[in-house]
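K.L.:
coordinates only, sequence not included:
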C-alpha cells in the first residue's frame, strides 16, 4: 500500500510523527494539527497495518471473540 499526502503541511506532520518517540508524543502532534494530523496519522497507521503479514495473532483474537472468551 502506498499513500500520497496532499500538501507540504501533511508532509511536515508525517515527518514529525515518524520522529515521535512515544505514542503520547504522536497523539500530541495529531491534536496540534487537527484534521490534517488525523488524516496523516490514519494514513500512516493504515500503511503500517497493510504491511503486516502475521495472521497468527489475529486468528487467536478472532477465535476468542467467536468463542466468547
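P.N.:
Received, thanks. Bear in mind the structure is a predicted one, so any value in this text is a computation, not a measurement. Numbers count the residues shown, from 1 in each chain.
K.L.:
Could you pull out the helices in the protein for me?
P.N.:
Assigned by DSSP state H, the chain shows helices spanning 8-19, 23-50, 56-67.
K.L.:
I'd like those as CSV, with mean pLDDT appended.
P.N.:
Below are the helices of the chain laid out as CSV (pLDDT from 0 to 100):
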stretch, mean pLDDT
helix 8-19, 94
helix 23-50, 92
helix 56-67, 79
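K.L.:
Using CSV, lay out those together with mean neighbour count.
P.N.:
(Each C-beta comes from the backbone N, C-alpha and C, glycine too.) Below are the helices of the chain laid out as CSV (neighbours: other C-beta atoms under 10 Å):
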stretch, mean neighbour count
helix 8-19, 14
helix 23-50, 14
helix 56-67, 9
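K.L.:
how near is the most centrally placed residue in the chain to residue 30?
P.N.:
Centroid check for the chain by C-alpha atoms, centre = their mean gives residue 45 as the closest residue, at 1.9 Å. Here the criterion is C-beta to C-beta, to the nearest Å. By it, residue 45 lies 11 Å from residue 30.
K.L.:
cool, and residue 64?
P.N.:
On the measure of C-beta to C-beta, residue 64 and residue 30 end up 30 Å apart.
K.L.:
what residues are up against residue 12?
P.N.:
Applying C-beta atoms under 8 Å, 6 or more residues apart in numbering, we find residue 12 in contact with no residue.
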